[in-house]
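# Okay, predicted coordinates and the sequence, questions at the end:
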Amino acid sequence: TRHPRPAHSRRIPASSCLAFQSRVLFPSWQARSDVLNYCASVATSPDPEDPDSVLRQVESERDRERVVDERLDPYSARFFPTEARTERLAALVRQERGVEGIVRARSWKVVTERCGEDFRDWEQALNDWRKGREKDV
């Protein structure tokens, strides 16, 4: 069983917390955001080398000609078209963004517990760090 630490125990000095956030935490979050953004851009681009694109076109043509009569075949209305690689990648990126949000929220909660209250949420803290970086450039 996990026993939560009292809020006042083992506080980390503010200078160490700020250094960790600015040198480790936020840069790693930014790198992951960059990768997810790149993958999202790939997922929204056409994929001329998709080996299944011809198969999907043939399926699409067949589906237009298909007559659905659920009285004769109750499963005939159930059709699952083949997804393009880009669609599968887009779904995976959405899923990863969701996971990333959960991980960041939990990580930020632990950081604020150990470093002292920061009343910003993780998104605001990351955006503030990004703005500070832009000023330095």
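Perfect, thanks for sending it.

# Quickly list the domain ranges of the chain.
16-46+84-137, 48-83 (automatic domain parsing).

# Could you give the average pLDDT over the last one?
What that stands for is domain 48-83. Domain 48-83 carries an average pLDDT of 67.

# which sections of the protein are below the confidence cut-off?
1-9, 48, 50-60, 62-70, 74, 76-82, 137 (pLDDT under 70).

# pull the longest helix from it.
What stands out as the longest helix in the chain, according to DSSP state H, is helix 85-115.

# Can you pull out the residues in contact with stretch 23-32?
100, 104, 107, 111, 125, 126, 129, 130 (CB atoms under 8 Å, 6 or more residues apart in numbering). Placement of C-beta: from N, CA and C, glycine included.

# could I get those as TSV with distance to residue 36 and neighbour count?
Formatted as TSV, the contacts of stretch 23-32 follow (distance: CB to CB, whole Å; neighbours: other CB atoms under 10 Å):
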residue	distance to residue 36	neighbour count
100	7	14
104	12	19
107	16	14
111	21	18
125	18	20
126	13	19
129	17	17
130	15	13
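
# Make JSON lines out of those residues and add distance to residue 30.
Shown next, in JSON lines, are the contacts of stretch 23-32 (distance: CB to CB, whole Å):
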{"residue": "100", "distance to residue 30": "12"}
{"residue": "104", "distance to residue 30": "11"}
{"residue": "107", "distance to residue 30": "14"}
{"residue": "111", "distance to residue 30": "16"}
{"residue": "125", "distance to residue 30": "12"}
{"residue": "126", "distance to residue 30": "8"}
{"residue": "129", "distance to residue 30": "8"}
{"residue": "130", "distance to residue 30": "7"}
